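Engineer: task: produce atomic coordinates for the following.
(chains A and B)
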Amino acid sequence: MINFAANTTYTLPILVHAAIPLTIILVYALVAIWGERKIAGFIQDRLGPMNVGGWHGWAQSIADLLKLLQKEDIVPNNASRFLYKFAPFMMFAASYAAFAVIPFSSSYIGSNINIGVFYLLAVTSLLTLSIIMAAWASNNKWSLLGGMRSAAQMVSYEVPTIATVLTVIIVAGSLNLMTITEMQAGNDTLGFLPNWLIFQNPFLIVAFIIFFISILAEAHRVPFDLPESESELVAGYQTEYSGLRWAMFMLAEYADMLLLSLLGSVLFFGGWNSPFGEFMAGPVWGFFWFMLKGLLLVFVMMWIRWTLPRYRVDQLMHICWGILIPLSFINLVLVALWEVIF
Amino acid sequence: MELTTILFYLFSIITIGAAAVMVFSKNIVHSAFALMFSLIGVASLYVLLYADFIAATQLLVYVGGILILILFGVMLTTQGHSFDFKTITVNLVPASILSVAVAAMLIFVFVKTDWLISEVAEPNETIYDLGMMLMGDYILPFIVAGVLLLIAIIGAILMATRLSPQTSKPDTE
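Structural biologist: From the prediction side, this is the model:
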């Protein structure tokens, strides 16, 4: 690895490195917001955006972004000004910083550090702090309720997420996401399946289901979108925000969805490895497969959003503490036993 | 100037500035958020020292801690910004003397120590060594700390569930 700290000439490469995930996030967010509206339309048997840009309203999110740029930046009179203005940027920074350890392709990773997953979990925990920062600073009851719910949800659902990530780490023996991906190369589980971790160990399938439910809660997606449930809390912590700051919240939320989906694809579905072994492999195809796997998980999240109703707060807590946490810990022990025996 | 140097001074200023805001702010929630900025600054300084594991642990542990602190702040303060609950200054004279003494001692140590400055190579597998040590040489303190935390959790649950007879059936939210 290049020692960035010791040399000045690496300043520019660092900035270029940092710009790559940013570009991916921005392009993805424009596509995903349009995609979500089209998927919503499809599921609810309507058309969704059709006019802007011609073909199926593909330019709708760009038009929305331009509209948001022109909106007035409103700060409520009694808001805590600095925290109110800072919160959206901190939220985006938290999800963007976590992209540093995501291996986008066999030849590109922002920072190949050994504590990859751990760093990712640590940095994303700042998301909730920025939500409660926005919520408290807005000086609005709806916002504050949303923030309190978000804090309770994060403190609870972080436990099953970390427990399931730990099961993968037991099997993989590394925290480095690049190493975890590299060890899933090849195509000879049971003769034909790819060597992805989900096929390596039957209990990892259970782990993936628990992981997916908890990342739905961590990304505040339906059925766990209580911090911003629009039918009871107006818009939760975003109620007072307008214009570009609100756009930052949306961007951070979609970036967080992508981040957790990509993490899922690294941990369970082989990251940038091609499903056909050597066929269609290589750095560029690797990027394609990786984004495809991540976007498939994002699609499932959207699908769930437009299918299931929202849970109540007590149901949310029961699912976590009553079902997911015991199950994930039992699963952790079973995975460890399986690894010892086989 | 090197990027690392700029970052070092930036994070140092954030750490110290936020700590000052934390101490002098009258608003308890502002203090909590300032503490968060200060701790993020310290975590960044750890990164500059190649102590990546400690930096991530710092973030993960203290962010959760500050979250709880803010929740208490929100629950203790009245709604909005008409606060009844404020941080107040007590024991001004003894505190000043004590902090001046501690500061003087730290500066004395800082000046007197013969700091060993060397170009240390980037350690490759801190996490591996750390894991081996925690599960090998230091297994007893590790387990004792775990048991201590478990006792604390059980105690907290016991205290939280001891309800008065009127409110003993919280079956609805």
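Engineer: now the stretch of helix or strand residue A:292 belongs to: buried residues?
Structural biologist: Residue A:292 belongs to helix A:283-305 when assigned by DSSP states H and E. Along helix A:283-305, these residues count as buried under the neighbour rule (16 or more other CB atoms under 10 Å in any protein chain shown): A:285-287, A:289-291, A:293-295, A:297-298, A:301-302, A:304-305. Where you see a C-beta, it was placed from the backbone N, CA and C, and this is true even at glycine.
Engineer: I figured residue A:179 hits residue A:169, correct?
Structural biologist: No: with contact defined as CB atoms under 8 Å, residue A:179 does not count as touching residue A:169 (10.8 Å).
Engineer: what sits in contact with each of those two?
Structural biologist: Counting by CB atoms under 8 Å, 6 or more residues apart in numbering or on different chains, residue A:179 and residue A:169 have no common neighbour.
Engineer: any part of the helix ranked longest in chain B near chain A?
Structural biologist: Counting by DSSP state H, the longest helix found in chain B is helix B:52-76. Yes: with CB under 8 Å from any CB of the partner chain as the measure, helix B:52-76 is seen reaching chain A through B:52-53, B:56-57, B:59-60, B:63-64, B:66-68, B:70-71, B:74.
Engineer: list buried residues within these.
Structural biologist: Buried members of the residues of helix B:52-76 next to chain A, counted by 16+ other CB under 10 Å: B:52-53, B:56-57, B:59-60, B:63-64, B:66-67, B:70-71, B:74.
Engineer: now those in JSON lines, with pLDDT?
Structural biologist: Formatted as JSON lines, those follow (pLDDT from 0 to 100):
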{"residue": "B:52", "pLDDT": "79"}
{"residue": "B:53", "pLDDT": "82"}
{"residue": "B:56", "pLDDT": "85"}
{"residue": "B:57", "pLDDT": "85"}
{"residue": "B:59", "pLDDT": "85"}
{"residue": "B:60", "pLDDT": "83"}
{"residue": "B:63", "pLDDT": "76"}
{"residue": "B:64", "pLDDT": "72"}
{"residue": "B:66", "pLDDT": "75"}
{"residue": "B:67", "pLDDT": "72"}
{"residue": "B:70", "pLDDT": "74"}
{"residue": "B:71", "pLDDT": "71"}
{"residue": "B:74", "pLDDT": "68"}
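Engineer: now these in TSV, with distance to residue A:339?
Structural biologist: Listed next are those as TSV, based on distance: CB to CB, whole Å:
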residue	distance to residue A:339
B:52	26
B:53	23
B:56	25
B:57	25
B:59	29
B:60	25
B:63	31
B:64	29
B:66	36
B:67	34
B:70	40
B:71	38
B:74	44
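Engineer: how many other residues sit next to residue A:40?
Structural biologist: Using other CB atoms under 10 Å in any protein chain shown, residue A:40 has 15 neighbouring residues.
Engineer: same question for the host helix or strand of residue A:63, mean pLDDT?
Structural biologist: Following DSSP H and E, one finds residue A:63 within helix A:60-70. Across helix A:60-70, the average pLDDT comes to 85.
Engineer: off-centre distance for the lowest-mean-pLDDT helix or strand in chain B?
Structural biologist: In chain B, no helix or strand scores lower on mean pLDDT, DSSP states H and E than helix B:52-76, which sits at a mean of 76. Between the centre of helix B:52-76 and the centre of its chain there are 7 Å (CA atoms, centre = their mean, to the nearest Å).
Engineer: and stretch A:198-210, by the same measure?
Structural biologist: Averaged C-alpha coordinates place stretch A:198-210 at 19 Å from its chain's average position (CA atoms, centre = their mean).
Engineer: how about that stretch: buried residues?
Structural biologist: Of all the residues in stretch A:198-210, those buried under the rule 16+ other CB under 10 Å are A:198-201, A:203-204, A:206-208, A:210.
Engineer: what comes into contact with that stretch?
Structural biologist: By CB under 8 Å, 6+ apart, the surrounding residues in contact with stretch A:198-210 are A:160, A:163-164, A:167-168, A:171, A:189-190, A:193, A:197, A:264, A:268-269, A:324, A:327-328, A:331, A:334-335, A:338-339.
Engineer: and those, which of them are buried?
Structural biologist: The neighbour count (16+ other CB under 10 Å) marks A:160, A:163-164, A:167-168, A:171, A:197, A:264, A:268-269, A:324, A:327-328, A:331, A:334-335, A:338 as buried among the contacts of stretch A:198-210.
Engineer: among the residues you listed, which are located in helices?
Structural biologist: Short answer: the buried ones among the contacts of stretch A:198-210 in helices (DSSP H) are A:160, A:163-164, A:167-168, A:171, A:197, A:264, A:268, A:327-328, A:331, A:334-335, A:338.
Engineer: can you tell me the element the closest residue to chain B within the stretch 201-342 of chain A falls in?
Structural biologist: Nearest residue of the stretch 201-342 of chain A to chain B, counting by CB to the nearest CB: residue A:314, 4.8 Å away. Per DSSP H and E, residue A:314 falls inside helix A:313-317.
Engineer: would you mind listing the buried residues in that helix?
Structural biologist: In terms of neighbour count (16+ other CB under 10 Å), helix A:313-317 has its buried residues at A:316-317.
Engineer: now find how far off-centre it is within its chain.
Structural biologist: Taking CA atoms, centre = their mean, one finds helix A:313-317 lying 22 Å from the centre of the chain it belongs to.
Engineer: pull the contacting residues for the residue most central in space within chain B.
Structural biologist: The residue lying closest to the centre of chain B (CA atoms, centre = their mean) is residue B:62, at 4.9 Å. By CB under 8 Å, 6+ apart, residue B:62 lies in contact with B:36, B:39.
Engineer: distance of the closest residue to chain B within the stretch 101-250 of chain A relative to residue B:143?
Structural biologist: Nearest to chain B, among the residues of the stretch 101-250 of chain A, is residue A:122, at 4.0 Å (CB to the nearest CB). From residue A:122 across to residue B:143, the span is 24 Å (CB to CB, to the nearest Å).
Engineer: good, wrapping up.
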